[in-house]
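1. Pasted the sequence and its predicted model underneath.
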Amino acid sequence: MNENFKESIIVIIGMIALVSVIAMRHLLDKVTTREPELSLLYLPDKQLIHAFALGDDAAGADLLWLRGVFYIAANSVEEKQEEFQHNLKNKAHPSSGGKREVIYDKTDFRNDPTFQAILFWNLNGTEAPLLLGLADRVTDLDPGFVTPYVYAATSLALFYGRYKEARQIIDKGVLNCPNSWEPLYHRGFLRLFYENDKVGAAEDIRRAAMIPGAPIIVVQLAAALGIGAGQRDVALDFLRSLREITTDDVLKQKIDDMLKVYGEGTQVVITERKTDVKEKLNSMFAGDSLR
Amino acid sequence: MPDSSAILVDSIGKTYYLGVRRRPVEALRKVSFEVRQGEVYAFLGLNGAGKTTTIKMLLDHARPSTGRCSLFGIDSRIPASRTRVGYMPDLPNFYRFLSTTEQLDYFGRLHGLGKAERLDRSRRLIQLVGLQGRENEPLKGFSRGMLQRVGLAQALIGDPALLILDEPLGGLDPMGRFEFHKIISDLKAEGRTIFFSSHILEDAERVADRVGIIHQGTLVASGRMAEIVMKESGFRIEFRRSGIDQPFDTIVAAKDWQVSYDESLVTITVPDESSLTLALAMAVQANLAVYTVTPVRSTLEQAFISELEKWKH
Amino acid sequence: MEALNRISAVALTTFRETIRNKVLLHLFGFAAAMMVLGWVVSNWSLGEPEKIIADIGLSVTTLSGVAIALFSGIVLVWGEVEQKTILPILAKPLPRRDYVVGKLVGFGGAVSIVYAGMNLLLLLLLLVFGEGITANILFSIYLSWWEVLIITALALLFSSFSSPTLSALYTVMLFVAGRFSEDIRIYISDNPLAYSRWILESVYAIIPHFGAFNIRLEAVHNLQLTSGRLLIPSLYGLAYLTVIVVLTTIVFRRRDLA
């Protein structure tokens, strides 16, 4: 066999190998994709992150958070949208098996089946137990990192119905981030929606409104609560404000759906009371300066 | 210490400790010699004999384990001893990303030269070593021979009274070697002292005034070139043959001198002056006619090998 | 005065030689790529992307500065001895201590230039995609620069007597230990056993306290900083550098250039 022929054979073999490499990548993707549960199965503790980040806790917290967000997105709420829409339409609490059920006192707005469907609807995902742990670890490393508190609290409550855990993490956020309006705002939301604690909610929203950088809608919400609007109206105001504040598209979509169903025919409280708001704000915040 | 000494080496020894077990290796053993100002001293030896190690002691690149050396009367451990010294290492190497001009400027600054003086000297030296036109190129593209030229230029930047050159001609082509010889001769004519190491004896023969031979860390010979070479010489005496060879034969055999015969002459080689005197006396006694007496000069190479052989035994 | 001239000659030459070496450019490129990646992933955090850019950016510039100092520094003196470029230099009337100081100034200058370049890129990212540039961010960059300088000096110290592999090992060990200095301090106070406490305290005294130069958390959350928080680590950095330079001078003075 002459040299040229041998070389040609080698080149041909090489090209076949190259084509195989390119062709096989989809197959590789299929066999190597892990089940979402497996990829964040182990939540590393604070010391380990501290070690891996060589003492750079803030960067370590960021990387752990990003990793966690990827994990949760992989098991996304979007997959369960159909189920959610169905429950919303039927205005049924999922645990009731589609039937209407009175859960709370008649005066409690949470008795409204739509709200029930929304507030206490459980996603049957394995990521839920990890969410609190993830947010907790990340915020241990970087207590000033607001997003984990807020996202965890909102998700745990609104997507997974795990109010106690949500309250746990948001309380930590309020304590560690005194200069941020967000944890206070979200705790107010939780207090109103899940505990029917209007006074507590009003206090949290008021404090949130006082913090520099709080968006005007929070201030307006504080006013609305202070004015003593009807619970339903307040709840709507709250939902609208949450829709404006959140950057989570999935949550935005959910609130839109809720408002579509629930808000039909309802007066838009905040815009109606525009002229009263300024006076009421001044009387509400008498002695404090609105920044 | 004599005022006229450029280099004075006094019983220096150097022991290295090698390996995990720190096995002692004697690189130099009680080496002593002197290099006078204005002379060219060739420091000869085989590879690994201790030439470079000795030079390291002179320049404080390494410290002797015993003994001392000095340059112009200043202990070589003191940096000021090198103020009037220029050094060119064996296979010189320089920063790859700097140009010749930048290198010379750098070395000039280390000698404390002002900017104008550095510029002027650099220009002249670049001319001297034949690097015109390439002085602004980074050195990483330079050949061995060109680096050697840069090496010489930087050695001369401080206008040194003493030049220490380690294997200066290694790696040069015949033209380069010729040019180098010329430069050394010129430098010598300027009154500079030159100390160079080499294993190329021919080069030493051409320029050196004095020679030192080092072997396995020991200085086996040191002195004027003529003396060293003469040591291995002798005399050749030619006698006209008169038919009376026998008594002479006996004497020659007893003295273990070399003898050869041809039709008309008997040639005897005696090793030294005293043997010459004896041989002539015997010839007179035997009524032999001396035809010629010729001193026999061995080459430096022969002398070199002879010294090494002697040392072995 | 003459010593200053000699030191500046060594420094300038070292600076030129280091900067012209393309390795630094590649390392800079790598750091820049990491920062851009940081900006990309920040958008996935569901909130506070500017914090992620700042956190990761500050971390990357510091670690890259350390990496550059480490990879270039461990061969600095060793390479010159191996390639014999040091021989004609030390054959001049140049005291070895001037050589060492000049080397540190020149090499440190080159590393600082690259470090500054990386941070300029970071500041640009923060201006365009982040929350802008605050004084705290600048202070954080300044204090981290001391950390980079100390690693530079350590790499140079080890390079003056050790091979690149060992130099890298020692320098990395000290870097990691220094980053965990705070943890060592906590461990000491918790540790009841006397003999190990003594060992740990000795270790704690010797290792560089890199925690003191880390105000990245304060920078990112724009927390208040006292002047002492900036001044004392700077003085500590200066003192530590001085110790390393003196050590290097002593070690190198006695070294045979075999």
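-> On my side now, so go ahead.
2. Which helix runs longest in chain A?
-> helix A:3-23 (DSSP state H).
3. For the stretch 201-313 of chain B, just list every one of the strands.
-> Assigned by DSSP state E, counting those that start in this stretch, the stretch 201-313 of chain B shows strands spanning B:210-215, B:218-224, B:234-240, B:258-261, B:265-270, B:290-296.
4. Mean pLDDT lowest where, among those strands?
-> Out of the strands of the stretch 201-313 of chain B, strand B:258-261 stands lowest, with a mean of 78 (criterion: mean pLDDT).
5. And the residue of the stretch 1-150 of chain B closest to chain A?
-> B:Phe97 (32.8 Å; Cβ to the nearest Cβ). In short, each C-beta sits where N, CA and C put it, glycine included.
6. Dihedrals phi and psi, that residue?
-> Phi and psi for B:Phe97, reported as degrees, to the nearest 10, are phi -100, psi 0.
7. Need the phi and psi values for the spatially closest residue to it that is not a sequence neighbour.
-> In space, and not counting its chain neighbours, B:Phe97 is closest to C:Arg20: 3.8 Å by Cβ to Cβ, 6 or more residues apart in numbering or on different chains. Backbone torsions for C:Arg20, taken as degrees, to the nearest 10, come to phi -80, psi -10.
8. Could I get the contacting residues of C:Arg20?
-> With contact set as Cβ atoms under 8 Å, 6 or more residues apart in numbering or on different chains, C:Arg20 has these partners: B:Phe97, B:Leu98, B:Pro138.
9. Ok, C:Ala54 next?
-> Contacts of C:Ala54 by Cβ under 8 Å, 6+ apart are C:Leu126, C:Gly130, C:Glu131, C:Ile137, C:Ala219, C:Val220.
10. Look over those residues and name the one with the lowest pLDDT score.
-> C:Glu131 (79).
11. Can you tell me how far that residue is from chain A?
-> Distance from C:Glu131 to chain A, counting by Cβ to the nearest Cβ, to the nearest Å: 11 Å.
12. before we move on, the earlier item: name the member of the contacts of C:Ala54 with the most neighbours.
-> C:Val220 (29 neighbours; other Cβ atoms under 10 Å in any protein chain shown).
13. Quick check: it touching C:Gly57?
-> No - between C:Val220 and C:Gly57 there is no contact under Cβ atoms under 8 Å: 9.6 Å.
14. how many neighbours does C:Trp145 have?
-> 22.
15. Now do the same contact list for B:Glu34.
-> B:Pro2, B:Ser5, B:Ile7, B:Leu8, B:Val9.
16. SS state for it?
-> Three-state assignment for B:Glu34 (DSSP: H, G, I helix; E, B strand; the rest coil): strand.
17. how about the residues of the stretch 1-150 of chain B near chain C?
-> Within the stretch 1-150 of chain B, the residues that sit near chain C (Cβ under 8 Å from any Cβ of the partner chain) are B:16, B:56, B:59-63, B:79-83, B:85, B:87-89, B:91-98, B:102, B:106-107, B:109-112, B:138.
18. before we move on, what about the stretch 201-313 of chain B?
-> Close to chain C, as judged by Cβ under 8 Å from any Cβ, the stretch 201-313 of chain B has no residues.
19. again, but for chain A
-> A:50-51, A:53-59, A:61-63, A:65-66, A:69-70, A:142, A:144-147, A:150-151, A:247-248.
20. Just the element for the residue most central in space within chain B, please.
-> The structure's chain B has its C-alpha centroid closest to B:Ala42; by Cα atoms, centre = their mean the separation is 1.3 Å. For B:Ala42, the element it lies in under DSSP states H and E is strand B:40-45.
21. Now do that strand against strand B:210-215, angle only.
-> Interaxial angle of strand B:40-45 relative to strand B:210-215 (axes from the mean of the first three to the mean of the last three Cα atoms, to 10 degrees): 10 degrees.
22. So for the next helix or strand after strand B:40-45, mean pLDDT?
-> Later in the chain than strand B:40-45, the nearest helix or strand by DSSP H and E is helix B:51-58. If you average the pLDDT over helix B:51-58, you get 94.
23. Near chain B, which residues of the stretch 51-200 of chain C are found?
-> C:Gln83, C:Lys84, C:Thr85, C:Leu87, C:Pro88, C:Ile89, C:Leu90, C:Ala91, C:Lys92, C:Pro93, C:Leu94, C:Pro95.
24. ChimeraX command for the buried members of these?
-> Under the burial definition 16 or more other Cβ atoms under 10 Å in any protein chain shown, those of these that qualify are selected in ChimeraX by:
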select /C:84,85,87,88,89,90,91,92,93,94,95
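25. What about the residues of the stretch 51-200 of chain C next to chain B, which are in helices?
-> Using DSSP H, those in helices are C:Leu87, C:Pro88, C:Ile89, C:Leu90.
26. what's the closest of those to chain B?
-> C:Leu87 (4.4 Å).
27. Let me see the contact set for that closest one.
-> B:Leu59, B:His61, B:Tyr87, B:Pro89, B:Pro92, C:Leu257.
28. neighbours around whichever residue of the stretch 201-313 of chain B sits closest to chain C, how many?
-> When distances are taken as Cβ to the nearest Cβ, the stretch 201-313 of chain B reaches nearest to chain C at B:Gly217, 14.9 Å away. Number of residues near B:Gly217 (other Cβ under 10 Å) recorded here: 21.
29. Now for it: which residues touch it?
-> Taking Cβ under 8 Å, 6+ apart as the criterion, B:Gly217 is in contact with B:Lys14, B:Glu26, B:Ala27, B:Leu28, B:Arg29, B:Val31, B:Ala49, B:Gly50, B:Thr53.
30. following the helix or strand that contains C:Trp145, which helix or strand comes up?
-> C:Trp145 is part of helix C:135-159 when elements are defined by DSSP H and E. Sequence-wise, the next helix or strand downstream of helix C:135-159 (DSSP H and E) is helix C:164-179.
31. what about the following helix or strand past that following helix, near chain A?
-> Sequence-wise, the next helix or strand downstream of helix C:164-179 (DSSP H and E) is helix C:181-190. Yes - applying Cβ under 8 Å from any Cβ, one finds helix C:181-190 in contact with chain A at C:Glu182, C:Asp183.
32. what's helix C:181-190 packed up against?
-> When contacts are defined as 3 or more Cβ pairs under 8 Å, 6 or more residues apart in numbering or on different chains; DSSP states H and E, helix C:181-190 packs onto helix C:194-206.
33. could you give me the average pLDDT of the helix it packs on?
-> Helix C:194-206 comes out at a mean pLDDT of 79.
34. In the stretch 101-250 of chain A, where is pLDDT below threshold?
-> For the stretch 101-250 of chain A, the stretches flagged by pLDDT under 70 are A:101-129, A:223-224, A:226-235.
35. what are the ranges of the helices in it?
-> A:113-119, A:128-141, A:146-154, A:163-176, A:181-195, A:198-210, A:216-227, A:231-245, A:249-262 (DSSP state H, counting those that start in this stretch).
36. Pipe the contacts of B:Gly217 into a markdown table and attach neighbour count per row.
-> Formatted as a markdown table, these follow (neighbours: other Cβ atoms under 10 Å in any protein chain shown):
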| residue | neighbour count |
| --- | --- |
| B:Lys14 | 23 |
| B:Glu26 | 15 |
| B:Ala27 | 23 |
| B:Leu28 | 28 |
| B:Arg29 | 17 |
| B:Val31 | 25 |
| B:Ala49 | 24 |
| B:Gly50 | 25 |
| B:Thr53 | 22 |
